[in-house]
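> what follows is a protein structure lacking sequence information:
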């Protein structure tokens with residue numbers, strides 16, 4: 001019976017595996033590993049410092065086929081190239097064709113023929129077909145397990161064809177119906193519950209189609225819009241090549257969401273979980289962006305140095321710099337988050353840039369006016385001994401106007417940068433909150449002291 005362990009027990013399992021590896025006790029190691037779930041075994045392998053390959057090689061091939069799908073990219077890239085062609089072929093025999101193709105994408109191109117020669121001819125042909133497509137495309141993630149029947153065929157005939165296919169290929173296929181009205185599909189539940197005299201065409205449901213070159217994100221978006229469980233993958237001549245199931249794309253949705261969050265936080269993509277990632281890996285993923293943003297922030301020094309005489313003449317102006325600058329960064333981060341998420345959901349495209357700008361222009365005025373009033377009141381209430389020779393009303397006007405304009409500027413920058421990045425071919429997620437805040441910080445200082453110079457120093 002399969003035993004399940006909580007997350008609290010996994011560190012203990014990891015320590016046991018590490019100990020047995022050190023003692024080179026292969027029999028006890030195999031006994032310990034058997035009976036654990038693929039998820040637990042993948043967790044152990046991902047977190048081992050030494051002995052990753054040996055631990056994986058200890059598992060039986062049918063379990064290896066499950067574990068390899070759950071390991072992080074770092075473990076796969078370390079283990080798979082070290083395995084022999086025969087070992088790879090042995091456990092890929094138990095994997096579905098699309099999963100086997102994903103694994104072989106990690107193996108060097110020159111080794112793939114050597115692995116495939118050990119596999120059964122029918123499975124080898126399917127995997128070779130999938131390897132022709134890019135791993136990020138619809139063709140690279142499609143399932144070749146489907147059958148096409150005419151609309152006039154009856155339910156018992158369809159059921160018999162499904163059984164025959166399942167006996168031969170060990171998998172229940174997706175049933176597609178191709179007729180003059182197009183191609184649809186018949187859910188298994190509809191087949192089971194239908195009366196014997198019903199034709200397959202009467203049970204068919206609409207089935208969206210995508211070209212094999214379509215990006216997997218676009219496939220996911222299409223299935224979301226059409227509320228579809230299955231999508232058909234076609235070639236340039238609209239011939240059916242395979243199908244994609246919604247459950248096969250759930251990990252894509254999770255991966256894309258993680259990418260967006262990491263990019264908006266100015267962090268490199270992590271292949272493993274936060275606690276499972278090495279300290280050096282997380283440092284490397286964070287230090288690059290932080291260095292770029294730090295260098296960009298150095299321009300605030302240049303901006304402040306340019307207005308050194310203004311600061312020396314009215315020292316009270318320096319007290320309100322954090323207040324004014326943070327307003328622009330916050331409003332810009334808000335706008336960037338809203339627009340980036342809207343683009344990810346397909347609610348906004350680059351063609352909508354004017355609508356977005358017009359909306360955020362009005363929003364910036366409204367938000368800037370609201371915050372400007374608060375800034376005016378706070379500056380107006382500043383004690384006179386702090387302000388020196390500046391009147392309360394004047395400093396209130398300067399701060400209130402600066403806050404309003406900087407908020408408007410930050411809102412416009414934050415909303416337009418994701419659209420601009422998308423137009424230039426970059427991921428809108430790179431228009432991250434830290435990136436927007438850094439840009440608005442520098443320009444906000446120029447706006448603030450320009451207003452102060454015009455109203456006070458003039």
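Nice, I can see it. The shown structure was predicted, so the numbers you read here are calculated from the model rather than taken from an experiment. Numbers count the residues shown, from 1 in each chain.
> domains in the chain, as residue ranges please.
By the record's domain assignment, the chain is partitioned as 10-136, 146-247, 279-457 (automatic domain parsing).
> just the helices in the stretch 201-350 of the chain please.
216-226, 246-264, 279-306, 308-313, 316-319, 321-344 (DSSP state H, counting those that start in this stretch).
> which neighbouring elements make contact with the last one?
Contacting helix 321-344 under the criterion 3 or more C-beta pairs under 8 Å, 6 or more residues apart in numbering; DSSP states H and E are the following elements: helix 246-264, helix 353-380, helix 392-423, helix 433-452. C-betas here are computed from N, CA, C, even on glycine.
> mind putting those into JSON lines with mean pLDDT and mean neighbour count?
Rendered in JSON lines, the data for the helices and strands packed on helix 321-344 read as follows (pLDDT from 0 to 100; neighbours: other C-beta atoms under 10 Å):
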{"stretch": "helix 246-264", "mean pLDDT": "75", "mean neighbour count": "15"}
{"stretch": "helix 353-380", "mean pLDDT": "95", "mean neighbour count": "17"}
{"stretch": "helix 392-423", "mean pLDDT": "93", "mean neighbour count": "23"}
{"stretch": "helix 433-452", "mean pLDDT": "86", "mean neighbour count": "22"}
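> could you dump these to TSV with distance to residue 341?
Formatted as TSV, those follow (distance: least, C-beta to C-beta, whole Å):
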stretch	distance to residue 341
helix 246-264	8
helix 353-380	13
helix 392-423	9
helix 433-452	12
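> nearest to residue 453, out of the helices of the stretch 201-350 of the chain?
Residue 453 sits nearest to helix 308-313 of all the helices of the stretch 201-350 of the chain, at 5.4 Å, using C-beta to C-beta.
> who's in contact with the closest one?
Outside of helix 308-313, the residues that reach it under the criterion C-beta atoms under 8 Å, 6 or more residues apart in numbering are 304, 317, 318, 449, 452, 453, 457.
> chain center to it: distance?
With C-alpha atoms, centre = their mean, to the nearest Å as the basis, the distance from the averaged C-alpha position of helix 308-313 to the chain average is 47 Å.
> okay, buried residues for it please.
Neighbour-count burial for helix 308-313, with 16 or more other C-beta atoms under 10 Å as criterion, is recorded at 310, 311.
> show the average pLDDT along it.
In this model, helix 308-313 has a mean pLDDT of 71.
> picking that back up, narrow the contacts of helix 308-313 to those that are buried.
Buried positions within the contacts of helix 308-313, assessed by neighbour count (16+ other C-beta under 10 Å), are 304, 317, 449, 452, 453.
> from the contacts of helix 308-313, pick the one nearest residue 47.
Of all the contacts of helix 308-313, residue 47 sits closest to residue 304, with 47.0 Å by C-beta to C-beta.
> rank the helices and strands of this protein by mean pLDDT and give me the bottom one.
Comparing helices and strands within the chain by mean pLDDT, DSSP states H and E singles out helix 308-313 as the least confident, with a mean of 71.
> residue 449 and residue 315, how far apart?
With distances taken as C-beta to C-beta, to the nearest Å, residue 449 is found 13 Å from residue 315.
> apologies, that question was intended for residue 71.
In terms of C-beta to C-beta, residue 71 sits 60 Å off from residue 315.
> and residue 395, by the same measure?
As it turns out, when the distance is counted by C-beta to C-beta, residue 395 lies 12 Å from residue 315.
> same thing with residue 375?
Distance from residue 375 to residue 315, counting by C-beta to C-beta: 19 Å.
> just residue 193 next, same as before
Here residue 193 is placed at a distance of 81 Å from residue 315 (C-beta to C-beta).
> got it, and residue 187?
74 Å.
> higher neighbour count, these two?
Neighbours around residue 187 and residue 315, counted as other C-beta atoms under 10 Å, are more numerous at residue 187. The numbers are 15 against 11.
> phi and psi next, for that one.
Recorded main-chain torsions at residue 187 are phi -60, psi 150, according to degrees, to the nearest 10.
> hey, what's the residue nearest to it when sequence neighbours are not counted bridged with?
The spatial neighbour of residue 187 that comes closest, neighbours along the chain excluded (C-beta to C-beta, 6 or more residues apart in numbering), is residue 205 at 6.9 Å. Under the criterion DSSP bridges, residue 205 forms beta bridges with residue 185.
> tell me how many other residues crowd residue 205.
Applying the criterion other C-beta under 10 Å, we find 13 residues in the vicinity of residue 205.
> what do you get for the one 3 residues further on?
As a burial measure, residue 208 scores 15 neighbours (other C-beta under 10 Å).
> pretty sure it is touching residue 228, no?
Yes. With contact defined as C-beta atoms under 8 Å, residue 208 counts as touching residue 228 (5.2 Å).
> just to revisit the earlier point, so what's the residue nearest to residue 187 up against?
With contact set as C-beta under 8 Å, 6+ apart, residue 205 has these partners: 184, 185, 186, 187, 190.
> need the per-residue pLDDT for it.
Model confidence at residue 205 (pLDDT) stands at 91.
> and the gap between it and residue 238?
Between residue 205 and residue 238 the distance, using C-beta to C-beta, works out to 19 Å.
> now residue 26
Relative to residue 238, and taking C-beta to C-beta, residue 26 is found at 54 Å.
> same check on residue 15?
For residue 15 relative to residue 238 (C-beta to C-beta), the value is 56 Å.
> ok, residue 150 next?
18 Å.
> please apply the same query to residue 217.
Residue 217 sits at a distance of 22 Å from residue 238 (criterion: C-beta to C-beta).
> who's more crowded, those two?
Summary of the neighbour comparison: residue 217 and residue 238, criterion other C-beta under 10 Å, with residue 217 having more neighbours (17 against 10).
> who's in contact with that one?
Contact analysis of residue 217 by C-beta under 8 Å, 6+ apart lists 252, 256.
> before we move on, what about residue 325?
For residue 325, counting by C-beta under 8 Å, 6+ apart, the contacting residues are 406, 440, 441, 444, 445, 448.
> what are the buried residues along stretch 117-130?
In stretch 117-130, the ones that count as buried by 16+ other C-beta under 10 Å are 118, 119, 123, 124, 126, 127, 128, 129, 130.
> checking the second one next. Helix, strand or coil?
Counting by DSSP: H, G, I helix; E, B strand; the rest coil, the backbone at residue 119 sits in coil.
> that one contacts residue 88, correct?
No. Distance between residue 119 and residue 88: 9.5 Å, which falls outside the contact criterion (C-beta under 8 Å).
> between the two, which contacts overlap?
Common neighbours of residue 119 and residue 88 (criterion: C-beta under 8 Å, 6+ apart): none identified.
> residue 50: how many residues sit nearby?
Here the number of neighbours of residue 50 (other C-beta under 10 Å) works out to 10.
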